[in-house]
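Trainee: sequence isn't available, so here's the structure alone:
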């Protein structure tokens, strides 16, 4: 308006003054428009820059996936979408999970060894009442503090009997899936109880587990407000037992060598691969893909011992649901790696892992020893956040190793330590120690013996001594196993008597018992 007044004063005549006034008013409107537009653009750029500075993160975790059971690893199981991640991302070929589900997920969610939580032994059974200690600051909590929207779909398995352990009370804004270790893929039942919820409310919902969590993941991406970065954790149940898939998917593998379990297992992996493709497509459609780090991995290796492929159910339930009988051969393959789920050997703990972010990462292969504990400190470094001083990370920021090929930041990696066994890796050397009498010590040079066929402990006593000392140092720091506290029968009739009184034994029952779930 000041510009209009000046033009009116300067104009020599009414008509010209009017023209000048009209022009001035138009100019003012243009100035106002461009000023508003500039502010809007600046705000939009500010939001985009904030998101760019903190990448979206999508973690896709398979369950009991065989190390050799992906297309890019030479399998005849069709996984074109995971293969694309492998071809366009960084493949971590010496990445360690844990022998079984619960401890691996605990390490992923905390960046700390499972032995610090008392979760180092086996898994949380449906009738157990313990969970990931609530004083642990989780990955979603830390990312939420850094401005992220956090969501999870799929299997939790870090505590179910008390709501304080539930995902939505451990940092996730939104949770859709199941709490216990496994459910029927179609009914979502375990022990006659439906364990399927949306954000705290149990629901009875038709559909196949893998497809449902894929649907939900896509919806979360579609509905996401991109002014905030997103952390999405997609925790697949597949291909964990019981081996179940839609009939048409199994039929597609009718010519696959092997029995019905192998064909169903293959169908389950392909169903997971389909959802991986849908998630990537949704990120691209939302224009989020260029600023998203996708991590694909598995909690542990594939099952080679039928004890770990029963579906943790009674004989009758296994026969009805698709679990493998104790006398049958499980369908997973870990290639030339020794052992499988439950084992400290490479087949049980070395898991196929991919970091995919084409805008920041060049395709490549990393052959440095890294582990599940490294995910949280690495993501927090990318997000500009930190862990808790009173709960220091065991993991390291491995971004330089992933992005630039730097050496592993670990001096040693604890694979696991329990009351009766442990394993540790330093450089190319790996020690496996069985403490149950008469005991056993194994030393492997993984640079020459990936399949752990040649125990060289007798040839390198100084290396054995060093690794044993490191393993013992970790053992002295570990919490007492919550699983052994809940399962004295694991050690037979003397289980109640061999522990100190303060061990606080509380028998939690057996894996096929009814889940302890509070009402929603």
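Mentor: Cool, the structure landed. It should be emphasised that the depicted structure is a prediction, and the values quoted were computed from it without experimental measurement. Residues are numbered from 1 along each chain as shown.
Trainee: I'd assumed residue 177 was in a strand, is it?
Mentor: Yes - assignment of residue 177 by DSSP: H, G, I helix; E, B strand; the rest coil places it within a strand.
Trainee: so how many other residues sit close to it?
Mentor: For residue 177, the tally of surrounding residues (other C-beta atoms under 10 Å) stands at 25. For every residue, glycine as well, the C-beta is placed using N, CA and C.
Trainee: do the same with residue 74
Mentor: 10.
Trainee: pLDDT score for it?
Mentor: Residue 74 carries a pLDDT value of 96.
Trainee: which residue is the nearest non-sequential neighbour of it?
Mentor: With C-beta to C-beta, 6 or more residues apart in numbering as the criterion, residue 74 has its nearest non-adjacent residue at 6.6 Å, and that residue is residue 68.
Trainee: thought the one you found was touching residue 335?
Mentor: Yes - shown here, residue 68 and residue 335 form a contact pair, counting by C-beta atoms under 8 Å, at 3.5 Å.
Trainee: what do the two both touch?
Mentor: residue 74 (C-beta atoms under 8 Å, 6 or more residues apart in numbering).
Trainee: all strands of the stretch 401-520 of the chain, in order?
Mentor: 413-417, 421-426, 429-434, 440-445 (DSSP state E, counting those that start in this stretch).
Trainee: export those to a markdown table and tack on mean neighbour count?
Mentor: Below are the strands of the stretch 401-520 of the chain laid out as a markdown table (neighbours: other C-beta atoms under 10 Å):
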| stretch | mean neighbour count |
| --- | --- |
| strand 413-417 | 25 |
| strand 421-426 | 23 |
| strand 429-434 | 22 |
| strand 440-445 | 18 |
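Trainee: show me what residue 354 is bridged to.
Mentor: residue 91, residue 296 (DSSP bridges).
Trainee: would you map the helices across the stretch 201-350 of the chain?
Mentor: Here the stretch 201-350 of the chain has its helices, by DSSP state H, counting those that start in this stretch, at 209-223, 247-251, 260-285, 315-321, 346-349.
Trainee: starting at the chain centroid, how far to the longest one?
Mentor: On the basis of C-alpha atoms, centre = their mean, to the nearest Å, the separation between the geometric centre of helix 260-285 and that of its chain is 16 Å.
Trainee: please apply the same query to the shortest one.
Mentor: Centroid separation between helix 346-349 and its chain, computed with C-alpha atoms, centre = their mean, is 17 Å.
Trainee: now it: average pLDDT?
Mentor: On average, helix 346-349 scores 98.
Trainee: quick check: mean pLDDT of stretch 205-225?
Mentor: 98.
Trainee: low pLDDT regions in the chain?
Mentor: The model of the chain has pLDDT under 70 over residues 1-52, 311-313, 488-513.
Trainee: residue nearest the centroid of it?
Mentor: In the chain, the centroid-proximal residue (C-alpha atoms, centre = their mean) is residue 61; its distance is 4.2 Å.
Trainee: so what's it up against?
Mentor: 105, 108, 154, 233, 234, 235, 236, 297, 298, 299.
Trainee: next one: the last one relative to residue 108, how far apart?
Mentor: I take that to be residue 299. 8 Å (C-beta to C-beta, to the nearest Å).
Trainee: kindly report the same for the fourth one.
Mentor: Between residue 233 and residue 108 the computed distance is 9 Å (C-beta to C-beta).
Trainee: thought residue 395 was touching residue 371?
Mentor: Yes - counting by C-beta under 8 Å, residue 395 does reach residue 371; the two are 6.9 Å apart.
Trainee: between those two, which one's more packed in?
Mentor: residue 371 (30 against 26).
Trainee: what's across from that one in the sheet?
Mentor: Where residue 371 sits in a bridge, its partners, by DSSP bridges, are residue 96.
Trainee: correct me if wrong: it contacts residue 413.
Mentor: Yes - under the criterion of C-beta under 8 Å, residue 371 makes contact with residue 413 at 5.4 Å.
Trainee: between these two, which contacts overlap?
Mentor: Joint contacts of residue 371 and residue 413 (C-beta under 8 Å, 6+ apart) are residue 96.
Trainee: for the stretch 51-200 of the chain, just list every one of the strands.
Mentor: 56-62, 90-92, 95-96, 149-155, 174-178, 189-190, 193-194, 197-198.
Trainee: residue 278 is nearest to which of these?
Mentor: Among the strands of the stretch 51-200 of the chain, strand 56-62 comes nearest to residue 278, with 11.3 Å by C-beta to C-beta.
Trainee: spit out the residues that contact residue 299 and residue 108 alike.
Mentor: Residues touching both residue 299 and residue 108 (C-beta under 8 Å, 6+ apart): 61, 372.
Trainee: what residues are up against residue 201?
Mentor: By C-beta under 8 Å, 6+ apart, the contact set of residue 201 is residue 520.
Trainee: quick one: it from residue 189, how far?
Mentor: In terms of C-beta to C-beta, residue 201 sits 17 Å off from residue 189.
Trainee: what does residue 420 give?
Mentor: For residue 420, the distance to residue 189 - C-beta to C-beta - is 33 Å.
Trainee: now swap in residue 75 and tell me
Mentor: 31 Å.
Trainee: then residue 62?
Mentor: Distance from residue 62 to residue 189, by C-beta to C-beta: 22 Å.
Trainee: higher neighbour count, the two?
Mentor: residue 62 (29 against 16).
Trainee: that one against residue 272, yeah?
Mentor: Yes - if you go by C-beta under 8 Å, residue 62 and residue 272 touch, sitting 6.3 Å apart.
Trainee: so what pairs up with residue 61 in the strands?
Mentor: With DSSP bridges as the rule, residue 61 is bridged to residue 235, residue 297.
Trainee: circling back: list only buried entries from the contacts of residue 61.
Mentor: Among these, those classed as buried by 16 or more other C-beta atoms under 10 Å are 105, 108, 154, 233, 234, 235, 236, 297, 298, 299.
Trainee: without its sequence neighbours, what residue ends up closest to residue 256?
Mentor: residue 263 (5.1 Å).
Trainee: now do residue 164
Mentor: residue 134 (5.5 Å).
Trainee: would you confirm that that neighbour contacts residue 162?
Mentor: No - look at residue 134 against residue 162 with C-beta under 8 Å: they stay out of range, at 9.2 Å.
Trainee: ok, back up a step: can you give me the neighbour number for the residue nearest to residue 74?
Mentor: So residue 68, with other C-beta under 10 Å, has 19 neighbours.
Trainee: if I pick it, what's in contact with it?
Mentor: Applying C-beta under 8 Å, 6+ apart, the residues near residue 68 are 74, 75, 302, 333, 334, 335.
Trainee: count of neighbours near the closest residue to residue 365 other than its chain neighbours?
Mentor: Leaving aside its sequence neighbours, residue 365 sits nearest to residue 91 (C-beta to C-beta, 6+ apart; 4.9 Å). For residue 91, the count of nearby residues is 21 (other C-beta under 10 Å).
Trainee: repeat for residue 270
Mentor: Neighbour number of residue 270 under other C-beta under 10 Å is 23.
Trainee: quick one, phi/psi of the residue nearest to it when sequence neighbours are not counted?
Mentor: Leaving aside its sequence neighbours, residue 270 sits nearest to residue 78 (C-beta to C-beta, 6+ apart; 5.2 Å). Dihedral pair for residue 78: phi -80, psi 120, per degrees, to the nearest 10.
Trainee: which strand residues bridge residue 430?
Mentor: Bridge pairing for residue 430 - DSSP bridges - gives residue 425, residue 444.
Trainee: now it: how far from residue 470?
Mentor: 12 Å.
Trainee: quick check: neighbours shared by those two?
Mentor: residue 424.
Trainee: need the residues that contact stretch 69-82.
Mentor: 67-68, 83, 86-87, 239, 256-257, 265-266, 269-270, 273-274, 276-277, 280, 296, 302, 332-333, 335, 352, 354.
Trainee: of the contacts of residue 61, closest to residue 246?
Mentor: Of these, the one sitting nearest to residue 246 (C-beta to C-beta) turns out to be residue 236, at 15.7 Å.
Trainee: OK, contacts around the nearest residue to residue 67 once chain neighbours are set aside?
Mentor: With C-beta to C-beta, 6+ apart as the criterion, residue 67 has its nearest non-adjacent residue at 4.3 Å, and that residue is residue 334. Shown in contact with residue 334 (C-beta under 8 Å, 6+ apart): 66, 67, 68, 301, 302, 304, 340, 346, 347.
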